[in-house]
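A.B. asks: Predicted coordinates and the sequence they were generated for:
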Amino acid sequence: MRLTLREFRPRTGPHERRVVQPGPPLRHTSLRAPEPRGLLTGDHDGLNRLAGLFAFAARSHHTIVHVPLRGTAAAHHAGGGEPVDLVLGHHSHGLRPSAWPELRRGLVRDTPLTVRTDEARTARDAADRERRRHRADCREDLRHTTHARTLFLTGSRGVFADTAMSCAHAAGAGARGGRGSSRADPPSWTASGAWRASPATRAAPRC
């Protein structure tokens, strides 16, 4: 998949961070905070691009993926909890949610960026994670916390790849094109941090 992104290089103290956002915003996609269950709703284009962003995050250990969602058109029509933005980061990155407001204020000057994700590689990473999750020493899961009207999801390469597959499946199962919503089968998060999906999507269980 070809993704058009905006790349930022904000600094916090002596450290430079790399943050990317989707180029054109996901106008018809919304995310609700887990209260007690989060809900991600979007049209085919939005969920398909989210799948690409999760796939990109899976292979970009040192990059923060920021998806502004709380101001989208869909955010004002979906029910549930408070509209929130989405931030993806690897466990190893060490991003503290409390530091995000300062970092977000530094997202001023951007550089256009185009990347391509490898769907076959994403599927292999997801399948590898699925095989590992039954092992007693498996500690991979998709963890979340909400701070400053932002949902932070942290995970490993395999977890993000598995989530990318779930979003892609939801995009394929929902309406295509225009503003059709895939609300009937959106991915969602419970407050416990487990990844959930309705029966029409492929779930990515915790391990």
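C.D. replies: Arrived safely.

A.B. asks: Identify the bridge partners of Thr146.
C.D. replies: Here Thr146 sits in beta bridges with Leu151, going by DSSP bridges.

A.B. asks: Just the pLDDT at Thr190, thanks.
C.D. replies: Per-residue pLDDT puts Thr190 at 45.

A.B. asks: Could you list every helix and strand in contact with the longest helix along the chain?
C.D. replies: Across the chain, the longest stretch assigned as helix under DSSP state H is helix 157-173. Applying 3 or more C-beta pairs under 8 Å, 6 or more residues apart in numbering; DSSP states H and E, we find helix 157-173 packed against helix 44-58, strand 85-90, helix 119-132, strand 187-189, strand 195-197. For every residue, glycine as well, the C-beta is placed using N, CA and C.

A.B. asks: who wins for proximity to Arg11 among those?
C.D. replies: The closest of the helices and strands packed on helix 157-173 to Arg11 is strand 85-90. By C-beta to C-beta, the value is 17.1 Å.

A.B. asks: Quick one: distance of that closest one to the chain centre.
C.D. replies: For strand 85-90, the separation from the chain centroid amounts to 6 Å (computed by C-alpha atoms, centre = their mean, to the nearest Å).

A.B. asks: Output the helix or strand harbouring His144 as CSV, restricted to C-alpha atoms.
C.D. replies: Element membership for His144 (DSSP states H and E) is strand 143-147. This file holds the C-alpha atoms of strand 143-147, laid out as CSV (Å, rounded to 0.1, in the frame of the first residue of the first chain):
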residue,chain,number,x,y,z
ARG,A,143,-1.7,-2.1,25.5
HIS,A,144,-3.5,1.2,25.7
THR,A,145,-3.9,4.2,27.9
THR,A,146,-5.8,7.4,27.4
HIS,A,147,-4.3,10.8,28.2
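
A.B. asks: Buried residues of that strand, list them for me.
C.D. replies: By 16 or more other C-beta atoms under 10 Å, the buried positions in strand 143-147 come out as 144, 146.

A.B. asks: quick check: angle from it to helix 157-173?
C.D. replies: Going by axes from the mean of the first three to the mean of the last three C-alpha atoms, to 10 degrees, strand 143-147 is angled at 80 degrees with respect to helix 157-173.

A.B. asks: packing partners for strand 143-147?
C.D. replies: Using 3+ C-beta pairs under 8 Å, 6+ apart, strand 143-147 sits against strand 150-155.

A.B. asks: what's the spacing between the strand it packs on and its chain's center?
C.D. replies: Counting by C-alpha atoms, centre = their mean, strand 150-155 comes out at 8 Å from the chain centroid.
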